[in-house]
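> Model the following, please.
(3 chains)
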Amino acid sequence: MNSLAWLLLGLPLLSAVVIHLGLKRLQSVSALVATASAGVTLLFSIILLLSEGDFITSFNWASIAGFEGIKIGLELDQLSKGMMLIVTGVGFLVHLFSLAYMKYDQAKARYFAGLALFMFSMTGIVLASNFIMMFIFWELVGLSSYLLIGHWYDKDSAADAAKKAFLTNRIGDFGFMIGILMLWGIAGTFTFSELAGGLAASSGYSITLLGIAVLCIFAGAMGKSAQAPLHVWLPDAMEGPTPVSALIHAATMVAAGVFMMARFYTSIGTEVIEALWGVQTIAWIGGITSLLAALMATQQDDIKKILAYSTLSQLGYMVMAVGLLSPEAGMFHLYTHAWFKALLFLGSGAVIYACHHEQNIWKMGGLKKTMPITFITFGIGTLALCGFPFITSGFWSKEQILETAWLNNKPLFLIAALVAFLTTFYMFRLFFIAFLGKSRSEKSEHAKEVGPLMFTPLIILAILALISGFSSVAGIIAPSFKILEFHIGPAFIASLLAVILGFLFAFKLYAKTDEDPLAGHKVAQVFRHKFYLDEAYAKIIRYGQDGLAAFIHFFDELIINGLIVGGFSRTAGGIGRLFTRLQSGNLQGYATLFGIGVLLVIYITVFVS
Amino acid sequence: MHSIAFYLFALLAITGGIFLVAFRNPVSSALAMVLSFVGLAGLFIGLNAYFVGIVQILVYAGAIMVLFIFIIMLLDLNDEKPVKFKSTTVLAGVIIPLLLVVQILGVIQSHNTGDEGAFKKITASSMAISAKEFPEDSAIHKSLTHPKSPKLPDTNLIGHAIFTRYNFPLQIMGVLLLVATMGVVILSKRSSKKAS
Amino acid sequence: MASLNEFLFISGLLFAIGLAGVIIRRNIIVIFMSLELMLAAASLTLVAFSRFHLHEGLPDYNGQVFVFFIITVAAAEVAVGLAIIVALYRARQTINVEDLTSMRG
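Numbers count the residues shown, from 1 in each chain, chains lettered A, B, ... in the order given. Predicted structure coming up:
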């Protein structure tokens, strides 16, 4: 089992390296290599999942005197095994889908190398046994995400989006790093399995300090899981190829923040967290993110943007659950969400592919007849996302979150219920406009059903979107699952109402229309423009950063350059110039100096002393 | 050594030196240098250093001066352009040597050489004593102990010193001359690339 | 009779004249001659010391051997130096050291 786990980590790296170094010319071969590697890792993670027992294995990567050293280690338990299944499962299906979707891409090899690198990094995060290793791989997924968002880098918007994603993540990662170091300062260890013991041993730690450390670590999750106010990069990241959006920006990488928090909470113990200062903020950030994102999603026209905002909103749900000290609920939603959101993204990918890269839903329509398989699977995904009662996985996980919110925090429960309503509303808006009615453009008129390589992943994911929520299935493959007795309570009523109301509103407004009836509304304008947050950030950055830059520039020019660096250099230069005057190139000058030297030597040796 | 001869030759040497520096025409300077070296050679001979004195005349007046004149003629250099000497340069060129002379005077004054510094004649008896170091049938021995007029075999003694104690430096000197000869040949050769 | 100090003084005077020539003159050939004068002044010192440092009644010939070597080296130096001057003149058409300032720092 041990070597299998290491192989699980190493195989994607190997394929990434092989493709990058050797197979760049052989585009199709490299695609197959990456897909095969993803398939094999899926097989491995299934074997690991079915194997009994948890274990931790590690080796010293860098040892430093007087310090525990930096370890590379794997921790395999239900959490990481289940997460591995999600990563490799969605990963493999996305690879399959990409074989068709990216068939005619010029840089297929680079794309698949990026995917393989991402699989490696994500595996590293999931299996990491300590924070340092997790941080390393955390940065690596950031890198692969950057590479894949910017895959079509000759498009300015894609290059900018990649840069934006990377830079926004920097802010979060900075906090993450500080948090890790603070935690190390308190608990004296980076290793997850030793955290609880380390904290217990260091009696008398300040709950404020530890609370701040937890919030700093959460900042990393905010960046990676795109929580407000660092959410701005995720919608832009949709510039990347759609399969990438499905894998990285819906199912796995963005969930890494939630996974990390769950890993952290479970290893440190929720009782410890509960007592800390300020950790309630986390739940509120999740709730606010989910509400904001859901509101923004109601007015988007780009099919991928809608899904991106819905991802944001669902991530907010997960973070809220984790923040309410129920990481199991968060992880359960992560698990079901991974399947149905990957399904939705791949479905949108199929639609985009069929409509010749048309992403505006108002130019689609009537796809029900031309793309039946996509229509049905996308419909299943939509239902799962809305949490259609009993038959979809989304219902069960959302139910757990609503239940948790009801029990712990009533205002957040209201937000969550509102978000559930909005989710149904905007998803059916998308569904009605894109698939029903008549086609509104030539491109969608000539859409054809996609090939088997593309619809097979859709079907598999659709099945998982339906069944993965049942406790019999989830008990085996979910990363962490706590069976909650289902009962008809406020949570159920709220979610049922949300689905019904959301569907009715969407039906009334969008079932038979060719343009958005809300488009002119002022509130809708605000949603459409994402609460003007991007503009506000741009302003903040422009004025704040420019002001700071001007100040620093002034400081740098005057103090650093003028006095310190420049002072030294000018002094040295001045002395040097003084001596270059001696270096006149004039022989007589040299002779004079020589004569003076002789005089001095005689004077010193003979007359002095 | 007779004082009159000493002062005569010393005056000759110094006058030559001053002329060497003062003449505008390089040819005159070269001739002044020879004059100075003749004076020096006289001083050498007065110091019983006959060989060195003769070599001084032969090498400097004979060879080196000819070389200088030859180069001056070859480059066709007439008087230095009538550019005024820079006053600072002249000042430095006067003050620094003057200070040097003052310093030398100071050194000489502070060291009263006394008896050792006095000029002692090399007598027949002293020559006879040192003759014992050399084999009886050698030219040096014979010359030193000549019954009628013993002479200082200056050349023989330098030769003896060079070929016994300074044998290795002499060989190095030969190599130096060889290298210098090759260097001159290479330097003087107009490179064919440049010519074209 | 001239004493050792007088010889040393004459020698120092000659050396100083040579130094003055090197500093004042701008014709590189004359500078070269002045250098020769300085060498010769040093030779005079050596010979004087040789003569006044009697060794079992004879002059100390080590000093005179040195003078012999000095003359040899000077001859080689003059040959090479003049060759350099000729090459320099070919390249720059001047032997005035004030025009030769390409080594300026």
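
> List the buried residues of stretch A:381-390.
A:381-389 (16 or more other C-beta atoms under 10 Å in any protein chain shown). C-beta coordinates here come from the backbone N, C-alpha and C atoms, glycine included.

> and if you look at stretch B:131-145?
Those would be B:131, B:134, B:140-145, for stretch B:131-145 by 16+ other C-beta under 10 Å.

> what are the ranges of the strands in chain A?
For chain A, applying DSSP state E gives strands covering A:55-62, A:70-76.

> and of those, who's closest to chain C?
Shortest distance between chain C and the strands of chain A, using C-beta to the nearest C-beta, is found for strand A:55-62: 48.7 Å.

> gap between the residue in chain C positioned nearest to chain B and chain A?
The minimum distance from chain C to chain B, using C-beta to the nearest C-beta, falls at C:Gly57 (2.8 Å). From C:Gly57 over to chain A the distance is 32 Å, taken as C-beta to the nearest C-beta, to the nearest Å.

> quick revisit: with the buried residues of stretch A:381-390 in mind, which one is nearest to chain B?
Of these, the one sitting nearest to chain B (C-beta to the nearest C-beta) turns out to be A:Gly381, at 81.9 Å.

> per-residue confidence averaged over the longest helix along chain A?
Using DSSP state H to assign secondary structure, the helix with the most residues in chain A is helix A:156-187. Averaged over helix A:156-187, pLDDT sits at 90.

> again with stretch B:185-196
Taken as a whole, stretch B:185-196 has a mean pLDDT of 67.

> Help me confirm that A:Gly124 comes into contact with A:Met133.
Yes - between A:Gly124 and A:Met133 there is a contact under C-beta atoms under 8 Å: 6.8 Å.

> wait, A:Phe432 sits on A:Phe505?
No - with contact defined as C-beta under 8 Å, A:Phe432 does not count as touching A:Phe505 (11.2 Å).

> Alongside chain B, which residues does chain A contribute?
Taking C-beta under 8 Å from any C-beta of the partner chain, the part of chain A that reaches chain B is made up of A:588, A:592, A:595-596, A:598-599, A:602-603, A:606-607.

> For PyMOL, what selects the buried ones among these?
The buried residues among the residues of chain A next to chain B can be selected in PyMOL (16+ other C-beta under 10 Å) with this line:
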select buried, chain A and resi 588+592+595+598+599+602
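
> Make JSON lines from the residues of chain A next to chain B and add pLDDT and distance to A:Thr580 to it.
Listed next are those as JSON lines, based on pLDDT from 0 to 100; distance: C-beta to C-beta, whole Å:
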{"residue": "A:Gln588", "pLDDT": "80", "distance to A:Thr580": "17"}
{"residue": "A:Thr592", "pLDDT": "86", "distance to A:Thr580": "17"}
{"residue": "A:Gly595", "pLDDT": "88", "distance to A:Thr580": "21"}
{"residue": "A:Ile596", "pLDDT": "90", "distance to A:Thr580": "18"}
{"residue": "A:Val598", "pLDDT": "87", "distance to A:Thr580": "23"}
{"residue": "A:Leu599", "pLDDT": "90", "distance to A:Thr580": "24"}
{"residue": "A:Ile602", "pLDDT": "87", "distance to A:Thr580": "28"}
{"residue": "A:Tyr603", "pLDDT": "88", "distance to A:Thr580": "27"}
{"residue": "A:Val606", "pLDDT": "82", "distance to A:Thr580": "32"}
{"residue": "A:Phe607", "pLDDT": "81", "distance to A:Thr580": "32"}
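
> what about the residue of chain B found nearest chain A, neighbour count?
Nearest residue of chain B to chain A: B:Ile96, at 3.9 Å (C-beta to the nearest C-beta). A count of neighbours around B:Ile96, defined by other C-beta atoms under 10 Å in any protein chain shown, yields 23.

> The residues of chain A next to chain B: which ones sit near chain C?
Counting by C-beta under 8 Å from any C-beta, A:588, A:592, A:595, A:598 from those sit close to chain C.

> With distance to B:Ile54 added, can I get the residues you listed in JSON lines?
Below are these laid out as JSON lines (distance: C-beta to C-beta, whole Å):
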{"residue": "A:Gln588", "distance to B:Ile54": "35"}
{"residue": "A:Thr592", "distance to B:Ile54": "36"}
{"residue": "A:Gly595", "distance to B:Ile54": "33"}
{"residue": "A:Val598", "distance to B:Ile54": "31"}
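
> can you name the two of those residues that are farthest apart?
A:Gln588 and A:Val598 (15.3 Å; C-beta to C-beta).

> List, one by one, the residues from chain C near chain A.
So chain C meets chain A at C:19, C:22-24, C:26, C:28, C:31, C:97-98, C:100-105 (C-beta under 8 Å from any C-beta).

> Would you map the helices across the stretch 251-400 of chain A?
Using DSSP state H, counting those that start in this stretch, the helices of the stretch 251-400 of chain A run over A:256-268, A:270-274, A:280-297, A:303-323, A:327-354, A:367-370, A:372-386, A:393-408.

> so which of the ones you listed gets nearest B:Val59?
Closest to B:Val59 of those, according to C-beta to C-beta: helix A:256-268, at 92.5 Å.

> For that closest one, C-alpha coordinates in CSV please.
Extracted in CSV, the C-alpha atoms of helix A:256-268 (Å, rounded to 0.1, in the frame of the first residue of the first chain):
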residue,chain,number,x,y,z
ALA,A,256,-8.6,22.4,-1.9
GLY,A,257,-9.2,25.3,0.5
VAL,A,258,-12.2,23.5,2.0
PHE,A,259,-10.3,20.3,2.1
MET,A,260,-7.4,22.0,3.8
MET,A,261,-9.6,23.5,6.4
ALA,A,262,-11.3,20.1,7.0
ARG,A,263,-8.0,18.4,7.3
PHE,A,264,-6.8,21.1,9.7
TYR,A,265,-10.0,21.1,11.8
THR,A,266,-10.2,17.3,12.1
SER,A,267,-6.6,17.0,13.0
ILE,A,268,-6.7,19.8,15.6
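
> Identify the residues contacting it?
For helix A:256-268, the surrounding residues in contact (C-beta atoms under 8 Å, 6 or more residues apart in numbering or on different chains) are A:79-80, A:83, A:122, A:125-126, A:134, A:138, A:141, A:192-193, A:195-196, A:199, A:214, A:217-218, A:220-225, A:227, A:273, A:282, A:315, A:318-319, A:322, A:325, A:327-328, A:330-331, A:334, A:479-480.

> Please apply the same query to stretch A:517-530.
Outside of stretch A:517-530, the residues within contact range by C-beta under 8 Å, 6+ apart are A:232, A:235, A:295-296, A:298-300, A:509-510, A:516, A:532, A:535.

> Stretch A:457-466 now?
The contact list for stretch A:457-466, computed with C-beta under 8 Å, 6+ apart, reads A:89-90, A:93-94, A:96-97, A:336, A:339-340, A:342-343, A:346-347, A:350, A:373-374, A:376-378, A:380-381, A:384, A:391-394.

> Emit the PyMOL select command for whichever of the residues you listed are buried.
A single PyMOL command selects the buried members of these (16+ other C-beta under 10 Å):
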select buried, chain A and resi 89+90+93+94+96+97+336+339+340+342+343+346+347+350+373+374+376+377+378+380+381+384+392+393+394
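
> The contacts of stretch A:457-466: which ones sit near chain C?
Checked against chain C using C-beta under 8 Å from any C-beta, the contacts of stretch A:457-466 give no members in range.

> Write out the residues of chain B neighbouring chain A.
For chain B, the residues in contact with chain A (C-beta under 8 Å from any C-beta) are B:89, B:92-93, B:96-97, B:99-100, B:103, B:106-107.
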